[in-house]
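J.: Here is a sequence with its predicted model. Questions after.
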Amino acid sequence: MTKYIVVSGGVVSGIGKGVIASSTGLLLKTTGLKVTAIKIDPYMNIDAGTMRPQEHGEVYVLNDGGEVDLDLGNYERYLDVTLSRDNNITTGKIYREVIEKERRGDYLGKTVQIVPHVTNAIQDWIERVSKVPVDDTNEEPDVCIVELGGTVGDIESAPFVEAMRQFQFRVGYDNFALIHVSLVPDMHGEQKTKPTQTTVHALRGLGLLPDLIACRVVVQKPLEPATKSKISMFCHVAPEQVVGVHDVSSVYHVPLLLQSQGIVQYLQKRLNLASVKITPEMQQHGLSLGNRWRELTSRQERLFDDVTITLVGKYTDMGDSYMSVVKSLEHSAFRCNRKLILKWVDASDLEPQAQITSPAKYHDAWKAVVSANGILVPGGFGIRGSEGMMLAIKWAREQKIPFFGICLGFQLAVVEWARHICGLTNAISGEFDSKAEHPVIVFMPEISKTHMGGTMRLGLRPTVFDPESESWSKVRKLYGGAPKIWERHRHRYEVNPAYIEQLAASGLSFVGKDERGERMQVLELEDHPYFVGVQAHPEFCTRPLNPSPPFLGFVAAASGEAVLKEQLEGQLRSFKPPHPESAMVDEAALRHGSPRPQGEEAIMDAEP
C-alpha cells in the first residue's frame, strides 16, 4: 500500500507549502524510498495555461505538454522525478471528469452530487496517479506527497478537504499522515500562536487531525521553545509534532532544517515505513543523495566570488513569474562556485520613451544592463517591452557580453539580427504585426487560432544539432556532444522559413533544428563569448545537482573564460539528461512535424 502524506495550509496562502512538501519528499528519498507528488489546485481552470504570470506565477510545462502549477517544478527539482499533467489536479479537471461520466450514464440515473461523486472522483484520481512510476526505477512509488493548494476554510477547497477526510479511512491509519503548514507571525519580537490555533481548530472541525504542524516563521529567527510548547498544548499535539520553518539563507536549506527537528524519524514511526522493502541499491542511492545535498548547501555558504546576471523581462514585478529561470541560474551558479547576483529590469524601462516618462527608471535599467556579466531575455507574450529587449540583445551582441535568450528572447534575437545585420529595418515578429513587411517570426500553421488553452506547441521535443557545428558549438558541448537533445517547448510562433537562408548567409548560425530540419530551435554566434538563443524552455528541466546545460554555459561564460572552459570539459565527460529513456522517443515530437499542415488540417492537428 502506498503511503500518503497530505500537506495543507492555513492562515494565508503562499507561505511555502510547496517547498515544505518537496523537502519532506526529498528527506524520504534519502532513506531509499521512491517518492511521487500531486498538487491540488482548487481553481476552476482546467490547467494553468491561460493564467497571467503576474496573477498565478509561472506556468510550468511537463514532458507530456501539461501546463501546470509552478509547485510541480519544485517537486521535479527536489525529487529528481518526471511528472505528468495528471499530477496536477484542478476543480475544472475533476468536474469535467464527473460530468463526462454522467453524460455517458456511468452513474445509472442517480443524482450527481459533491458527496459522494465529486469526492470519490478526487480520491480515485489520487490513488491512480500515486501508483504511476516517476523515476528511473520504473517502479510504483512508496510514498505520495499530496499538496492541497489554498487555505483551509476556502470555499473552493471544501470538496478536496472532505475528500481527504474520507481518504484517510479508505487507505488506513498507517498509510495516511497530514502536515499542516501555518503562519506564526512575529510582531515586535513576539511570536503569535493564535492564528495557528484558529486554523488547526478549523481543520479539526472538518474532520482532519494534523500529525505535524509546520510553523512558518517569516523572519530569520527560529521557533521559540515557549511558542512550540504553547502550540503543542492548544493544538492537542505532542511537542515533537511541532516543527519550525524560519527564513534561511536559501530554500535548499529547508530539508536540512526539517531533518534536524526529527521529521524523518517521526514519519517513519507514524507511517510504519519500516514495513516498506528497500533494496540495498536504493538505500545507497538515498545515502548518496543526502550527502550530495548537504555538500551543495555547505558549499553555497562558502561562496565568495559572485556573478551578476541581468534579467530583462516583461513580468519582473513578480519573481514567481520566472521561478524556473531563477532556479536554473541558481543551480548553475552553484556548479560554477559563484554567488548569484540577479538584477531585474522591466524591458519597457530600456525604451527611448521611458527616458521622458520615467528618467530615473530608464537610467537604473540601463545601468543594470551595461554593468552585467551576463544578460538574459526570458519568454513572454505580447509586444510590450519587445523593443527594450532588442536593445539589450543588441548591446550584448555588440559588446561581447554573454547573452541567453529563451523562447521570446530567442525570437527577438532573430529580429534584432535581421534589422541590424541583414538590413531588414522593418523586421518584426508576426505576433506584434500580422501585416508586417518582414515578419521574420510567424504563427505556426498547425496552431489553433480560436482556442488558447492547450493549443501551443507543448511538451518534450527533440532538437538535432547541425553536424558542422560539432567542432565549435558551445551549446552542443554543454549537452555532452550529443547529436540530439530533448527539451520542453511552449510557443505558438517560430522563425519564418522564408528568411532562414538569408539569416544563415549573414552569419546567424542555427545550430539546432527540429527532427525534420525545418524548425529553427537553437541559434549561436561562433565569434562571441556566449551568444545563444533557444526556442525551448530548458529551465523546466534543471535540477540542483544537474543544472540545465545552456544555463550552465551562460553563467559560466558570465563568470569568465576559464570557468566556461572548465564547465565545457566537465559536461563532455559527465552530462546526464534529466529525462527517462522512455520519454526521449521521436514519436513524442512528430505530432506537429513536417509536412506542415495547412487550413482545416492545421486546426484539426492542434493539441487537444
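T.: Received, thanks.
J.: Show me what Ser429 is bridged to.
T.: Ile441 (DSSP bridges).
J.: any low-confidence regions in the protein?
T.: Where the chain drops to pLDDT under 70, the residues are 319, 450, 586-608.
J.: Taking the centroid of it, which residue is nearest it?
T.: Taking Cα atoms, centre = their mean, the centroid of the chain lies closest to Gly73, which sits 3.3 Å from it.
J.: and the longest helix for this structure?
T.: helix 280-301 (DSSP state H).
J.: and that one, what other elements does it pack with?
T.: Under the contact criterion of 3 or more Cβ pairs under 8 Å, 6 or more residues apart in numbering; DSSP states H and E, helix 280-301 touches helix 17-29, helix 254-259, helix 323-335. Where C-beta positions appear, they are placed from N, C-alpha and C, glycine not excepted.
J.: any residues touching the shortest one, and which ones?
T.: Translated: helix 254-259. The contact list for helix 254-259 (Cβ atoms under 8 Å, 6 or more residues apart in numbering) reads 16, 19-20, 23-24, 26-27, 78, 214, 243, 245-246, 248, 293-294, 297.
J.: In which helix or strand does the closest residue to Met164 other than its chain neighbours reside?
T.: Leaving aside its chain neighbours, Met164 sits nearest to Val6 (5.6 Å; criterion: Cβ to Cβ, 6 or more residues apart in numbering). Applying DSSP states H and E as the criterion places Val6 in strand 3-9.
J.: next one: Ile231
T.: helix 225-234.
J.: do Tyr362 as well
T.: helix 359-370.
J.: Name the residues that touch that helix?
T.: Contacts for helix 359-370 (Cβ under 8 Å, 6+ apart): 310, 312, 343, 345-346, 349-350, 354-355, 375, 388, 392, 395.
J.: How about stretch 103-118?
T.: Ile94, Tyr95, Val98, Lys101, Glu102, Pro159, Glu162, Ala163.
J.: so how far is Ala121 from the fifth one?
T.: Distance of Glu102 to Ala121, given as Cβ to Cβ, to the nearest Å: 11 Å.
J.: For the two, indicate the residue with more neighbours.
T.: Under the criterion of other Cβ atoms under 10 Å, the comparison of Glu102 against Ala121 puts Ala121 first, with 20 against 15.
J.: Was I right to think that one contacts Val98?
T.: Yes - if you go by Cβ atoms under 8 Å, Ala121 and Val98 touch, sitting 5.2 Å apart.
J.: list the contacts for Val312?
T.: Val345, Ala347, Leu350, Val369, Ile375, Leu376, Val377, Gly388, Met389, Ala392.
J.: Okay, buried residues for the helix or strand that contains it please.
T.: Using DSSP H and E, the element containing Val312 is strand 306-313. Buried residues in strand 306-313, counted by 16 or more other Cβ atoms under 10 Å: Val307, Thr308, Ile309, Thr310, Leu311, Val312, Gly313.
J.: tell me which residues form a beta bridge with the third one?
T.: Meaning Ile309. With DSSP bridges as the criterion, Ile309 is bridged to Leu342, Gly374.
J.: if we can go back for a sec, check the contacts of helix 359-370 for burial and list the buried ones.
T.: Using 16+ other Cβ under 10 Å, the buried ones in those are Thr310, Val312, Lys343, Val345, Asp346, Asp349, Leu350, Ala354, Ile375, Gly388, Ala392, Trp395.
J.: Need the max-distance pair from these.
T.: Across those, the longest distance by Cβ to Cβ is 17.6 Å; it joins Ala354 and Ile375.
J.: related to what we said a few turns ago, the inter-axis angle of the following helix or strand past the helix holding Ile231 versus helix 225-234?
T.: Using DSSP H and E, the helix or strand that follows helix 225-234 in sequence is strand 242-246. Orientation of strand 242-246 against helix 225-234 (axes from the mean of the first three to the mean of the last three Cα atoms, to 10 degrees) gives an angle of 140 degrees.
J.: Relative to the whole chain's centre, how far out is strand 242-246?
T.: 25 Å (Cα atoms, centre = their mean, to the nearest Å).
J.: Repeat that for stretch 523-542.
T.: Worked out by Cα atoms, centre = their mean, stretch 523-542 lies 18 Å from the chain centre.
J.: Among the contacts of Val312, which ones are in helices?
T.: Going by DSSP H, the helices hold Val369, Gly388, Met389, Ala392 from the contacts of Val312.
J.: wait, what's in contact with the second one?
T.: To tie it back to what came earlier, the one meant is Gly388. The contact partners of Gly388, taken as Cβ under 8 Å, 6+ apart, are Val312, Asp346, Ala347, Ser348, Asp349, Leu350, Glu351, Ala354, Ala365.
J.: how much space between it and His246?
T.: 38 Å.
J.: Equivalent analysis for Phe334, please.
T.: Using Cβ to Cβ, Phe334 is found at 22 Å from His246.
J.: more neighbours, the two?
T.: Just comparing Phe334 and His246: by other Cβ under 10 Å the higher neighbour count belongs to Phe334, 22 against 18.
J.: surely the more buried one meets Glu295?
T.: No - counting by Cβ under 8 Å, Phe334 does not reach Glu295; the two are 10.2 Å apart.
J.: where along the stretch 101-250 of the chain do the strands fall?
T.: In the stretch 101-250 of the chain, the strands defined using DSSP state E, counting those that start in this stretch lie at 143-148, 176-183, 186-187, 190-191, 212-217, 242-246.
J.: which one of the ones you listed lies closest to Arg338?
T.: Here strand 242-246 is closest among these (Cβ to Cβ), at 26.3 Å.
J.: Please enumerate residues in contact with that closest one?
T.: Outside strand 242-246, the residues that reach it (Cβ under 8 Å, 6+ apart) are 16, 20, 181, 184, 212-223, 228, 231-232, 235, 254, 257-258, 261, 263.
J.: what's around Ala226, how many residues?
T.: 10.
J.: nope, Leu329 is what I meant
T.: Count around Leu329 with other Cβ under 10 Å applied: 28.
J.: For it, give me its contacts.
T.: Contacts of Leu329 by Cβ under 8 Å, 6+ apart are Ile309, Leu340, Leu342, Leu376, Phe551, Val555.
J.: Among those, which pair sits farthest apart?
T.: Among these, Leu342 and Phe551 lie farthest apart (Cβ to Cβ), at 12.5 Å.
J.: out of the two, which sits in the busier spot?
T.: Neighbour tally, Leu342 and Phe551, criterion other Cβ under 10 Å: the higher count belongs to Phe551, 30 against 17.
J.: Tell me how many other residues surround Asp433.
T.: 13.
J.: any idea how far Leu508 is from the closest residue in space to it that isn't next to it in sequence?
T.: Excluding its sequence neighbours, the residue lying closest to Asp433 (Cβ to Cβ, 6+ apart) is Pro439, at 7.2 Å. Look at Pro439 and Leu508: by Cβ to Cβ, they are 17 Å apart.
J.: and if you look at Gly57?
T.: 33 Å.
J.: again, but for Asp41
T.: 41 Å.
J.: And those two? Which one has more around it.
T.: Asp41 (25 against 22).
J.: just checking, Leu503 touches Ala418?
T.: Yes - with contact defined as Cβ under 8 Å, Leu503 counts as touching Ala418 (6.5 Å).
J.: Can you check which residues contact both of those two?
T.: With Cβ under 8 Å, 6+ apart, Leu503 and Ala418 have common neighbours Val440.
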